[in-house]
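J.: coords please:
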Amino acid sequence: MNMISAGETGRYRVLTAAQGDTFYWGTDYAAGHLGHGQPGGWNVNPSFDDASWTLAATGIGYDTTGVITAWVGATPSGNCQSVLRYVNTSLCFRRTFLVPEPSRVMALTLRMKYEDGFVAFFNGTEVARANCTNAMAYNTKANVALNEAIVNSWTEYAIPTNLLVAGENLLAVQGLNVTLSSSDFLLLPELAATGLMDRSDPLYYSVPTPGEANGAGSSGPLLFGATPEDPAVPRPLGNAASPPLTVTLRVLPTRNPLDSVHAYYRTMWDAESAAVALRDDGVTPDAAAGDGVYSANLPTDSVATGQMFRWRFEARDTAGAVTKLPTYLDPLDAPQYFGTVALNAATDTSQLPVLEWFVAGGPANGPDDRYKLYRGCCYMLSNFYDNIGITLHGQSTLGFAKKSYNFDFTGEDRFLWKVDQGRVKDVNLLSNYADKTKTRNTFSHWAGMTNGTPHHFALPIRVQFNGAFHGVMDLVEDGDDRMLARNGLDPEGALYKIYNTDIVTGVEKKTRKEEDYSDLRALTNGLAVAKTITSRQTYAYDNVDIAATVNYLVTRFLNSDSDHGHKNYYLYRDTNRTREWQPIIWDVDLSQGHVWNSTENYFDDDLITNILFTAGAGSAVYNVVYNSSEMKQMFVRRMRTLMDTRLQAPGTVNGLFETRMREIAASIDPDPADPSPWTDGDLDAARWGIDYRFIQNRPREEVERVIANYFAPRRAFLFNTGAGRPTYGGVPAATIPDAPQVNGPGMVTIDALDFLPVSGSQAEEYVILRNTTAQAVDLSGWSLEGEVRHTFKGGTVIPPGAGTPAANYVGLLHVAKDAAAFRARAVEPTGGQRRFVQGNYEGQLSARGGTVILRDDAGQVIATRTYAGAPTAAQQRLRVTELQYHPADPTSAEAAALVGVTADDFEYVELINLGTLPLDLTGAWFSEGIAFTFPATSVGAYQRIVVAKNPVAFAVRYPSVSAPVLGPYSGFLDNAGERLELKDACGETVFDFTYKDGWYPYTDGTGRSLVVRDPVAPQDGVLGEAVTWGICNNPLGTPGASDATVAQAYYGWDNFTFTAAQRDDPLVGGPYADPDGDGRVNWAEYALGCDPWTPDERPLGFALVTYAKRRYASVAFDRPSNALDVQYTVLATGDLQWELFSPVGSALYQTVPLGDGRETVTLRETATATAPRRFLKLRVDFTP
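T.: A predicted model of the protein is given here:
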């Protein structure tokens, strides 16, 4: 619940200089005192006399441009422009509120919208501040100007509940502007509380909130499972023949019996219908009576073509409690209705995705008030979205009749922009009125994608507004955490939208909004153009993703995009990983020859083909590349690569760029030249017209003009190697290489690596690559493989250089396991040395030794380095010997001894030290599968040690184990198999493998464990193979003891006999298959020690044997040792004529091991041989 809500009244005051000098100074002000003799301070005491202060509804503020006017309180007015602007940069606000029982408040949250900063006090204690590091005074200023867009979202601060007092409490806030003349100001607080609830008043919650305060609950009926649901909602036909829409809803009564269930529907913005009863009586349309599913038919015969049809549900119980679906708990962030849109034959011929958009009372040309937050609905890809927020988008394009918009979807119903892609929170619907091709946004972001730079999804769509054709518009992704994730970046990184060259003024924070702007200020300070280029380079190498930045710049200039650098891009920081910054593309409509000029503005129809690489040179991020000689070499080499592979050489016809632009245009404005019905492109031109300064081309004609008059001349300009050739950067400028890069072995070498850093931290590992040529080498798309795995990002170019300290290490690329850890190394190489670093690679340079291979983007081997290594003590001597991954269920005695014990509690892992000296395991840890870090632990020579899931349970089942037992560990050994990795204290991998339950099913829940057949043999690389393991011969495993022999079963023997593919084929590896065709199926071959691939005869051996001076008939045969799934029975008869064999008593006479898991055994009869004739037969029973 809200203790203070937006729009509620409070009191504020702005002091003049004279008043401030009198009343607000030094410690008096800091204590909240307002003048002498006051009983308490304005920000301390709820009873402070503020009767003379101005009463106003929040928010308190103003905006001379009108952007944030919607947030300013209306009655009484919160507009403070006349008393604040040009008078002071601070405004004091107070709001008191009553809390009868503070002990019942579990959590307090202060929510703020502000412009430019604030400091908040709660009963005299400072609890929050933003954009202010200054000392408090009556005229304190904010640090920097904020972009108005920050008020689109709340910033939240947790308030300690112990600050509450019984009775009146005070929230006091000092709002801050950055200058006296600031064009805007806003102070809008809300205070939300989560309270204890009486146990006698339980509620039901439709939305789970793990780890957070409960949302709004209901004591009424539970509603869920509404049908139909997107994308399977039938669309009304748009005429009188349209059938009714059958809706169903699952309803469960809670505290009280159910009274009624109703639906309400509406067409477009008409009033809701009367209540339509839903029934659960089995009468059509209800399918079955009494099943809790309620049904009704909603008429759609009055819904016209292209109109919106919506409905909602309500259920009431006998106590009058009402529950709704959709719940509509937040009018600004929740849908109120389900919905669909009637079919519209006019859109059937469109080759574009169709967005059908609805706004109540919207002007014919779409919403046009830049200061207003509109709410509406839309429908696309068979999904309906209700109650979305809509605002105008852009700056210069606001003057277009065909405007751009921001769509903000509710938290319950995110937008599906493409069937096979993730949903997004917001999108931008951009006007392309000034782009006759209607392709530039889509094409330029596509070019970014192909070049390997982060980009926004962008596509042309057909838009219907309130049922009528609106136009062809560009659907473009909004910059947020989901955009980052889609591009493979960390969504938790910092993202800022940049609006000015100084990178500070007017920035919009898109992620990590709970933090301040100090990271961005550190970047702008470190790269400040006023500093020396040496200082800026040093900072950039440690804090900027150089490769990504180069790739970004090249992409923008390859697109002839010149409207950036001063604005129109994002800055992203990989905060949690490399800590590096990189720019991300935004606003690319002025590209592919289309430029802005001071006369025609957007409407210059000339196609400019000689755009140079100077845009944004004043930006600190751009400028460090522009003025660094080696970074300029990176730029021009990458530019040449993309010229060759994307733009392609002069003379190219129907190249990659032309083909893609035509594809986009064909979806908007397909042939023929005079189509019937009109294409979307023709309809757009008719709807909005074409500016008089333009050649009157429709999209298909304009694309051909761009292909003919831009791409060809642009190629000639960029590929020119003579007079007038393009250059990049300050003096001396860099020129684009004359020829494409030709890759070959040895052009880059693996110069050095560190597999065991002296710090003991494997995070400080690295591999150094050296450019051995006299030219910059583009490694974009190249890869490292072997011990480590890494694909080099677009823009990775190693400039030529000696790679020495004197050369500032130019010519080298340091590939790091952890870039941040590399730069923090205490010894060289490290940060602060202007080293070109890229991370983070996967895998690890094993101290056991290994090989690293460098391949180019075509897979050609460029360099190889094999190193001997120096294994750590744990790698040399520690072995895993046994896994009890799926123990037997607890016995009744175990269950009685340990209440609640489960089979998982008896898991364990057994290790052994095979060395002659004790082995210190302190700090070693299981990093995959289970979580356990070894405490101070030393394992003696040839000693075993057990790590148990639950040492108490382990001791109950295995009371006699003498080996050390450690634990407990977190997690479980997965019964189905999983990866298990152990690292030593240095971070070196001791073992890393994946076990599988299908290797030996007898180890999967019977109690028998997986044991290593030969614990002395090297284990590196073989633990993930079934043949390394076996079935423990002891029914419950052998923790702390050796396993001299292993048990056998058919499913386990097949690991040694068939390939994986053969095992998966029951006609080859199955127990009843006969691959050698000798009449003996596989299980019989196994049971008799035969080879299933060789037709063989292994007749039983018959003999009379002597035992204790008596003679016995016996049979000899081969079999698997310690088999668990076969039983052998001797049958005998004295007369072959009738073959009346019957079982006889038998005893083991002799066993001869064959050394390969088989043995020859002789079974004798227990009765002496006295009959003149005796015939024996062996029966084998298989029980898999």
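
J.: from the middle of its chain, how far away would stretch 120-139 be?
T.: 36 Å (C-alpha atoms, centre = their mean, to the nearest Å).

J.: Wait, residue 903 touches residue 888, no?
T.: Yes - with contacts counted by C-beta atoms under 8 Å, residue 903 reaches residue 888, the gap being 6.5 Å. C-beta coordinates here come from the backbone N, C-alpha and C atoms, glycine included.

J.: got any residues that touch both of these two?
T.: Listed as contacting both residue 903 and residue 888 by C-beta atoms under 8 Å, 6 or more residues apart in numbering are residue 1005.

J.: quick one: the helices in the stretch 301-450 of the chain?
T.: Along the stretch 301-450 of the chain, counting by DSSP state H, counting those that start in this stretch, helices occupy 440-451.

J.: And the strands in it, which stretches?
T.: In the stretch 301-450 of the chain, the strands defined using DSSP state E, counting those that start in this stretch lie at 308-317, 322-325, 338-341, 354-359, 374-380, 383-393, 404-408, 426-430.

J.: partners of the second one, with directions?
T.: Read that as strand 322-325. According to DSSP bridges, strand 322-325 forms sheet pairs with strand 308-317 (antiparallel).

J.: I'd like the distance from the partner strand to the chain centre, please.
T.: Centroid separation for strand 308-317 versus its chain: 35 Å, with C-alpha atoms, centre = their mean.

J.: Please find the angle between the direction vectors of it and strand 354-359.
T.: If you take axes from the mean of the first three to the mean of the last three C-alpha atoms, to 10 degrees, strand 308-317 sits at 60 degrees to strand 354-359.

J.: okay, now the closest residue to residue 842 other than its chain neighbours: neighbour count?
T.: Closest residue to residue 842 apart from its sequence neighbours, by C-beta to C-beta, 6 or more residues apart in numbering: residue 789 at 4.4 Å. Residues lying near residue 789 (other C-beta atoms under 10 Å) number 12.

J.: what about residue 533, distance to residue 973?
T.: Using C-beta to C-beta, to the nearest Å, one obtains 57 Å as the distance from residue 533 to residue 973.

J.: which residues in the stretch 551-700 of the chain form helices?
T.: Counting by DSSP H, counting those that start in this stretch, the helices of the stretch 551-700 of the chain are 620-626, 629-642, 656-668, 680-688, 699-706.

J.: packing partners for the shortest one?
T.: In this case it means helix 620-626. Counting by 3 or more C-beta pairs under 8 Å, 6 or more residues apart in numbering; DSSP states H and E, the packing neighbours recorded for helix 620-626 are helix 518-526, helix 533-543, helix 546-558, helix 629-642.

J.: Using PDB, write down the CA coordinates of it.
T.: Only the C-alpha atoms of helix 620-626 are listed here, as PDB (Å, rounded to 0.1, in the frame of the first residue of the first chain):
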ATOM      1  CA  ALA A 620      35.800  11.800 -26.100                       C
ATOM      2  CA  VAL A 621      35.200   8.100 -27.100                       C
ATOM      3  CA  TYR A 622      35.500   8.800 -30.800                       C
ATOM      4  CA  ASN A 623      38.500  11.200 -30.400                       C
ATOM      5  CA  VAL A 624      40.800   8.800 -28.700                       C
ATOM      6  CA  VAL A 625      40.600   6.500 -31.700                       C
ATOM      7  CA  TYR A 626      40.700   9.400 -34.200                       C
END
